[in-house]
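S.K.: A structural model of the following input is requested.
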Amino acid sequence: MNGQDAIAIVGVGCKFPGADGLEEFWRVLKNGEDHIQDIPKERFNVDAFFDSNPDAPGRTYVRKAGIVSGISQWDNRFFGIGENEAKTMDPQQQIVLECVYRAMEDGGFTKSDFNQSDTGVYLGVMNGEYEAVAGHDLKQLTNYSVTGLSRSIISARVAYFLNLHGPAITLDTACSSSLVAIHTAEQAIKSGKKSFSAFTYL
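M.R.: Next up is the predicted model:
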């Protein structure tokens, strides 16, 4: 690969079950750790939905999952988001903001380095369980529900927080979402545009 075609990854921020960052994730892989666990009650009451019959409608036959930690410890004020707005946000939006900030730190950048730049955000996001569940509870809907529940807003959250003037694109191509986001960001870079690519698959 010559210099004109090379793409550099200058910062990484990530969260995985059992790993809060890239070094911890490497430890999990290196040690062959298994972080599949019983779904804790604080996430949701599994017993209320469990059925050993995998074909039972409206039920699940799964009791275990890979759990990302620290969801309830997210600092919304740090990202300039008020309490009422934070209550309606899909946790995916929270994780993306946190991981993008960590990627900046990992790459040695500050918010001011990106301020008003033509930097783009390309995110691959597939799942929308939070939107599906929260959207049915009409009593809980507020003025912030549209931006808090929509997956299309996730990339815009990053662009707004960093005051970016480039494209903010959320891509959903099912299981290939992250790869397509990477490819799209790469094409943007090669077209001559300055592009900050952040991707997630949740």
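S.K.: mind checking how far the residue minimising distance to the centre of the chain is from residue 30?
M.R.: Compute the mean C-alpha point of the chain, and by C-alpha atoms, centre = their mean the closest residue is residue 96, 3.6 Å away. Using C-beta to C-beta, to the nearest Å, we find residue 96 at a distance of 26 Å from residue 30. For every residue, glycine as well, the C-beta is placed using N, CA and C.
S.K.: you'd agree residue 123 is in a helix?
M.R.: No. Using DSSP: H, G, I helix; E, B strand; the rest coil, the assignment for residue 123 is strand, not a helix.
S.K.: count of neighbours near it?
M.R.: Counted by other C-beta atoms under 10 Å, the residues lying close to residue 123 total 29.
S.K.: and if you look at residue 183?
M.R.: Residue 183 sits with 15 neighbouring residues when counted by other C-beta under 10 Å.
S.K.: Any buried residues in the helix or strand that contains it, and which?
M.R.: Residue 183 is located in helix 177-190, with elements delineated by DSSP states H and E. Within helix 177-190, the residues that qualify as buried are 177-178, 180-182, 184-185, 188-189, counting by 16 or more other C-beta atoms under 10 Å.
S.K.: Widest-spaced pair of those?
M.R.: 177 and 189 (18.9 Å; C-beta to C-beta).
S.K.: any idea how far the nearest residue in space to residue 170 that is not next to it in sequence is from residue 16?
M.R.: Nearest non-adjacent residue to residue 170, counting by C-beta to C-beta, 6 or more residues apart in numbering: residue 155, 4.5 Å away. Noted for residue 155: a distance of 21 Å to residue 16, by C-beta to C-beta.
S.K.: And those two? Which one has more around it.
M.R.: Per other C-beta under 10 Å, whichever of residue 155 and residue 16 has more neighbours is residue 155, with 28 against 16.
S.K.: What pLDDT does the model give the more buried one?
M.R.: Looking at residue 155, its pLDDT is 94.
S.K.: what residues are up against it?
M.R.: 121-123, 168-170 (C-beta atoms under 8 Å, 6 or more residues apart in numbering).
S.K.: Can you list the buried residues in the helix or strand bottoming out on mean pLDDT in the chain?
M.R.: Ranked by mean pLDDT, DSSP states H and E, the weakest helix or strand in the chain is helix 129-134, scoring a mean of 77. Neighbour-count burial for helix 129-134, counted by 16+ other C-beta under 10 Å, picks out 130-131, 134.
S.K.: What's the separation between the residue nearest to residue 170 and residue 54?
M.R.: Per C-beta to C-beta, residue 155 is found 35 Å from residue 54.
S.K.: which residue ranges form the helices in the chain?
M.R.: Under the criterion DSSP state H, the chain contains helices at 22-31, 83-87, 91-107, 111-114, 129-134, 145-149, 153-162, 177-190.
S.K.: Identify whichever of these lies nearest to residue 66.
M.R.: Between the helices of the chain, helix 22-31 lies closest to residue 66; by C-beta to C-beta that is 10.5 Å.
S.K.: low-confidence ranges in the protein?
M.R.: For the chain, the stretches with pLDDT under 70 are 1-4, 135, 193-202.
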